[in-house]
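J.: structure, please.
(2 chains)
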Amino acid sequence: EAGVAQSPRYKIIEKRQSVAFWCNPISGHATLYWYQQILGQGPKLLIQFQNNGVVDDSQLPKDRFSAERLKGVDSTLKIQPAKLEDSAVYLCASSSPDRRVYGYTFGSGTRLTVV
Amino acid sequence: AQKVTQAQTEISVVEKEDVTLDCVYETRDTTYYLFWYKQPPSGELVFLIRRNSFDEQNEISGRYSWNFQKSTSSFNFTITASQVVDSAVYFCALRGSGGSNYKLTFGKGTLLTVNP
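T.: Below is the predicted model:
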């Protein structure tokens, strides 16, 4: 099966600019996640979608970050305006609805550098 | 709240040595799932193993083995006869059983360097 697709692979922007990341999960995976991985740390969940709905966005900085999942498939994560501390790798993942298989598949990530 | 602690920040070994990566977790859930992921320099997270809290049987897969002990809340990972290709950051992660919230809580990772 095809993996989780993310784009762009790399992005460099100046602080206060806006940026958007795109994710296409594995076909049939109802649950989609966005994680933020700051250099030297483990990934941290920003937002979880179940189909179109948001399950958990408790760690999403809502004053500058937003995310949507169109028709329960693709998702975009936006940052506006970006800050220096937003420099990180943004990972998208999706998981199977099969309760016997709690598998998560991660994309290759988007490496964001804010200068 | 859930927490995963990987006390070893960096480990350096010489090829063919055995190495154990430690993972200690905290959760109030009675049912939970533990994972190990490998993150090579290319950046993608590669799934290695998942264990259920109700299955404490240790597992061996080739050069990899996992020791799950609920009594000490630990889920350690051993690589036998390490190879240079094993060099990567390894993450331990925890998923609870909170309804439809399937999020993974990750440790900070252990950077393993295997030198030739």
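J.: contacts only, for the closest residue to chain B within chain A.
T.: Nearest residue of chain A to chain B: residue A:42, at 3.2 Å (C-beta to the nearest C-beta). All C-beta spots, glycine's among them, are computed from the backbone N, C-alpha and C. Under the criterion of C-beta atoms under 8 Å, 6 or more residues apart in numbering or on different chains, the neighbours of residue A:42 are B:4, B:91, B:93, B:106-109.
J.: filter those residues by proximity to chain A?
T.: B:4, B:91, B:93, B:106-109 (C-beta under 8 Å from any C-beta of the partner chain).
J.: so of the residues you listed, which ones are in strands?
T.: Using DSSP state E, the members of these that fall within strands are B:4, B:91, B:93, B:106.
J.: residue A:19: neighbouring residues, count only.
T.: Neighbour count for residue A:19, taken as other C-beta atoms under 10 Å in any protein chain shown: 19.
J.: surely it and residue A:79 touch.
T.: Yes: between residue A:19 and residue A:79 there is a contact under C-beta atoms under 8 Å: 5.3 Å.
J.: show residues contacting the lowest-mean-pLDDT helix or strand in chain A.
T.: Lowest by mean pLDDT, DSSP states H and E among the helices and strands of chain A is strand A:104-106, with a mean of 89. For strand A:104-106, the external contacting residues (C-beta under 8 Å, 6+ apart) are A:3-4, A:25-26, A:29, A:33, A:35, A:91-95, B:35, B:37, B:44-45, B:47, B:104.
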